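Visitor: okay, here's the prediction I keep looking at, along with the sequence it came from:
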Amino acid sequence: MNVVLSVRGLSKSFDGLKAVDEVSFDVHTGELLALIGPNGAGKSTCFNMLMGQLKPTSGDVRFQGESLIGKPTRAIWRMGVGRTFQITSTYASMTVVENVQMALLSHHHKVFDVFSYAHRQYKHDALALLQRVGLDEQAERHCAILAYGDLKRLELAIALCHEPTLLLMDEPTAGMAPNERERLMQLTADIVDEKQISVLFTEHDMDVVFNHAHRIMVLNRGELIAEGTVQAIRDNPVVQEVYLGGGSLFANTGQTS
Amino acid sequence: MKLHLYRFERPTISIGITGYDDRNFLVNRNQWLNDTTAYYYFTLLFGVGGIILLRHAAHSPFGYALRAARDSVRQAEATGIHTKRVQWAAFTFAGAMAGLAGALFVFSKGSIFPNELEIARSFDALIVLFLGGVKTLSGAVVGGATLEFAKDYLTRFEYWRLALGILIIVVVILAPEGIVGTLRKLAERSGLRRLFGSRT
């Protein structure tokens, strides 16, 4: 498999405190890679460095061979990296379909167009994306009144607007009901299969991780302590000790795939 | 055909150490606009034209990008929108429209003086927003009309500034979203939302 994203020696310090310490990994084409770790492990810091929102203290991040270091978030997005947020971030004053249309307008470099009417632009494409994530029936509703699970789906639709090669999902199922979590991750897994995009996601729910991830990386106190298949991570005593304090939760977690 | 809209006249020039001149600049309209009615329609044309232009811009992709940058900078940047550039462009556009309004005002008054830039004039614009309501184009028109109507009516009383202040406070307390915002809310409750439109 081709390497889409290559991270080497990525570090970030805040006033001497190492939030991320010499992290290195690769993301391959069509891979659903989970980054897990307890609170404060450095997952979100890592994500923010990948997406250009934080500048690393040292290290390099290469997307399809090109370095992302020093590039603003919008430039990284244009290279083909999409993202969703831990706390949903949508345009509350717009309808669901307008949210997607806005991302499509940006993708087609029409942000400074003052001549056409925005609501007529790329509506068909936006509705197709909403249909893909199961939100087409709510297309004309305002974002502000959407249920949290639907907002997560909307974020996914927005992230898919520019047909990304790599999708970064920061705790995609946080705050969702268990059945909604499963549906969203199944949808993500289907999209990965269908479009052969790569997904790197952080997650706290072990069911979600074990059921859907192709590969797992474990961060603890900024260091990557383990990397491997679902089974390898489940059986890793260091991960059990550090991440779950003994491993009893691991043993009770069901694996369906 | 060459149209001369205006010419400036400075009857005398006195430049001291600071270069400050405390006399007004007289601004004369050209003959075809000297008539009050003609100038009224001239202003109306630019006023209505400006509102139509702003409404179109608000509904264009640029207007949507501006709303996106307001609603969520994080999402906007993460979907390729240069939010600072969009905001600067909007600031420039709004400045141009304010400049047009200022020019029409000055020609209407017939003179120009630096006190037109003082804080009281800026407050007028702010009060118009409070009265009419933010996030609406019609709010600016309704707010402006209400303020001028209130001024016309109240200036016949000795303590008109106090009365105007009380009126503004009452409106802000009773209708914190402004007159248009409150009417819109009432219309939503009574199912008449479409009368006020959903986009302005």
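Guide: Sure thing, it's come through. Here the structure is a predicted model, which means the values were calculated and not measured.

Visitor: what helix or strand is the residue nearest to the spatial centre of chain A on?
Guide: When chain A is reduced to its mean C-alpha position, the closest residue under CA atoms, centre = their mean turns out to be A:Met169, at 1.2 Å. Secondary structure from DSSP states H and E places A:Met169 in strand A:166-170.

Visitor: give me the nearest residue to the residue nearest to the centre of chain A, chain neighbours excluded.
Guide: Residue nearest to A:Met169 in three dimensions, not counting chain neighbours: A:Phe201, with 4.0 Å by CB to CB, 6 or more residues apart in numbering or on different chains. From N, CA and C alone the C-beta is placed, and that goes for glycine too.

Visitor: mind listing the residues bridging to the one you found?
Guide: Residues found in beta-bridge contact with A:Phe201 (criterion: DSSP bridges) are A:Ala34, A:Met169.

Visitor: got the confidence number for it?
Guide: pLDDT for A:Phe201: 94.

Visitor: can you pull the contacts of it?
Guide: Going by CB atoms under 8 Å, 6 or more residues apart in numbering or on different chains, A:Phe201 touches A:32-35, A:168-172, A:188, A:213.

Visitor: is A:Asp26 in a bridge, and if so with what?
Guide: For A:Asp26, the beta-bridge partners are A:Ser6 (DSSP bridges).

Visitor: how close does it get to chain B?
Guide: To chain B, A:Asp26 is 23 Å away according to CB to the nearest CB, to the nearest Å.

Visitor: regarding A:Val111, what is its secondary structure?
Guide: In the three-state summary, A:Val111 is assigned as coil, counting by DSSP: H, G, I helix; E, B strand; the rest coil.

Visitor: does it really touch B:Phe62, like I thought?
Guide: Yes - under the criterion of CB atoms under 8 Å, A:Val111 is in contact with B:Phe62, at a separation of 6.7 Å.

Visitor: intersection of neighbour lists for the two?
Guide: If you check A:Val111 and B:Phe62 against CB under 8 Å, 6+ apart, the residues they both contact are B:Val86.

Visitor: okay, now the nearest residue to B:Phe105 once chain neighbours are set aside: neighbour count?
Guide: By the measure of CB to CB, 6+ apart, the closest residue to B:Phe105 outside its immediate chain neighbours is B:Glu116, 7.6 Å from it. Residues within reach of B:Glu116, counting by other CB atoms under 10 Å in any protein chain shown, total 13.

Visitor: from B:Gly102, how far out is B:Glu116?
Guide: Distance, B:Glu116 to B:Gly102, using CB to CB, to the nearest Å: 7 Å.

Visitor: likewise for A:Glu203?
Guide: Going from A:Glu203 to B:Gly102 by CB to CB gives 56 Å.

Visitor: which one of those two has more residues nearby?
Guide: A count of neighbours by other CB under 10 Å puts A:Glu203 above the other of A:Glu203 and B:Gly102, at 25 against 14.

Visitor: surely that one and A:Thr173 touch.
Guide: Yes - with the criterion set as CB under 8 Å, A:Glu203 and A:Thr173 qualify as a contacting pair; they are 6.7 Å apart.

Visitor: residues contacting residue 66?
Guide: No chain was given, so I picked chain A. A:Met79.

Visitor: let's do chain B instead
Guide: Under the contact definition (CB under 8 Å, 6+ apart), the residues listed for B:Leu66 are B:58, B:86-87, B:90.

Visitor: of all the residues in the longest helix that chain B contains, which ones are buried?
Guide: Among the elements of type helix in chain B, defined by DSSP state H, the one spanning the most residues is helix B:83-109. Of the residues in helix B:83-109, those with enough neighbours to count as buried (16 or more other CB atoms under 10 Å in any protein chain shown) are B:83, B:86, B:89-90, B:93, B:97, B:101, B:104, B:106-107.

Visitor: got it, and stretch A:161-174?
Guide: Of the residues in stretch A:161-174, those buried under the neighbour-count criterion (16+ other CB under 10 Å) are A:161-162, A:164-174.

Visitor: quick one: mean pLDDT for that stretch?
Guide: Per-region confidence: stretch A:161-174 scores 92 on mean pLDDT.

Visitor: swap in stretch B:129-141?
Guide: For stretch B:129-141, the mean per-residue pLDDT is 87.

Visitor: give me the residues contacting that stretch.
Guide: Defining contact as CB under 8 Å, 6+ apart, one finds that stretch B:129-141 is touched by A:93, B:51, B:54-55, B:58, B:128, B:142-144, B:146-147, B:168, B:171-172, B:175, B:177-182, B:184, B:196, B:200.

Visitor: what about it, start to end distance?
Guide: 9 Å (CA to CA, to the nearest Å).

Visitor: what do you get for stretch A:154-164?
Guide: Stretch A:154-164 stretches 16 Å from its first residue to its last (CA to CA).

Visitor: wait, isn't A:Val23 in contact with A:Leu35?
Guide: No - taking contacts as CB under 8 Å, A:Val23 lies outside contact range of A:Leu35: 9.4 Å.
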